[in-house]
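Visitor: Whatever this is, show me its structure:
(2 chains)
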Amino acid sequence: SQQGEEDPQALSIQEGENATMNCSYKTSINNLQWYRQNSGRGLVHLILIRSNEREKHSGRLRVTLDTSKKSSSLLITASRAADTASYFCATEETSGSRLTFGEGTQLTVNP
Amino acid sequence: GAVVSQHPSWVICKSGTSVKIECRSLDFQATTMFWYRQFPKQSLMLMATSNEGSKATYEQGVEKDKFLINHASLTLSTLTVTSAHPEDSSFYICKPWMVRGGYGYTFGSGTRLTVV
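Guide: Numbers count the residues shown, from 1 in each chain, chains lettered A, B, ... in the order given. Okay, the predicted model is just below:
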């Protein structure tokens, strides 16, 4: 399956700043999910947004979804050094089906 | 809920040997298991999908005779890398799915395989 695209590929910011990552995908979807992966570790599920939703919040995370443009964005507000990780978007065409991952954004938050 | 245990966390093996990776869903029954692979500095790619009691479905380009998947029970699935070669060195990670209950967002912790 084709991978989606994420940009930027790498993002370096200072603590306290906001970080925005974008994701584009190619097919129709049931939902889009964002995951975090610390270096060499497993994936942590951050947030899921369904195809009929346009925006969702969870703590310092804000996710938007534009199905007409097949794109999503993840905003992390007031970033912390502990937010340093790779962030991946992943789409599900139907609930419980395979996940198709984007290329990922490597976020570095400098203290 | 949704506790997933994957072992081993890392393994180093010699070229030509086989390695078995286990993935257990500890507090729910996984009707489906997804196995993903991640090469260094790359994204995750689906290798295969297995349903309990059925043969696995492999993605294009994944050798089914090399990557043996067993999903004999609703709580355990195994991935065996047979006759491993250095190009099989990768991060392997499982993701169980249960039809009911919404358990579907938890991945295993992953296995770092290095073939020398």
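Visitor: Next to chain B in this structure, residues from chain A, please.
Guide: Neighbours of chain B within chain A, by Cβ under 8 Å from any Cβ of the partner chain: A:1, A:3, A:33, A:35, A:40-43, A:45, A:48, A:88, A:90, A:95-96, A:98-104. For the C-beta atoms, the positions are set from N, CA and C on the backbone; glycine is no exception.
Visitor: Buried subset of those residues as a PyMOL selection?
Guide: Entered in PyMOL, the line below selects the buried ones among these, by 16 or more other Cβ atoms under 10 Å in any protein chain shown:
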select buried, chain A and resi 3+33+35+41+42+43+48+88+90+98+99+100+101+102+103+104
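Visitor: for the chain, which spans come out with low pLDDT?
Guide: Defaulting to chain A. Within chain A, the ranges that satisfy pLDDT under 70 run A:1-3.
Visitor: Chain B is the one I meant
Guide: For chain B, applying pLDDT under 70 flags the ranges B:1, B:99-104.
Visitor: Those residues of it touching chain A, which are they?
Guide: B:6, B:32, B:34, B:36, B:42-46, B:49, B:59, B:91, B:93, B:95, B:97, B:99, B:104-110, B:112.
Visitor: can you pull out the helices in the chain?
Guide: Using chain A here. Under the criterion DSSP state H, chain A carries no helices.
Visitor: picking up where we left off before, which members of the residues of chain A next to chain B are positioned in strands?
Guide: Those of the residues of chain A next to chain B mapping onto strands are A:33, A:35, A:43, A:45, A:48, A:88, A:90, A:99-101, per DSSP state E.
Visitor: Skip the chain neighbours and tell me the closest residue to B:Thr78.
Guide: B:Asn70 (4.8 Å; Cβ to Cβ, 6 or more residues apart in numbering or on different chains).
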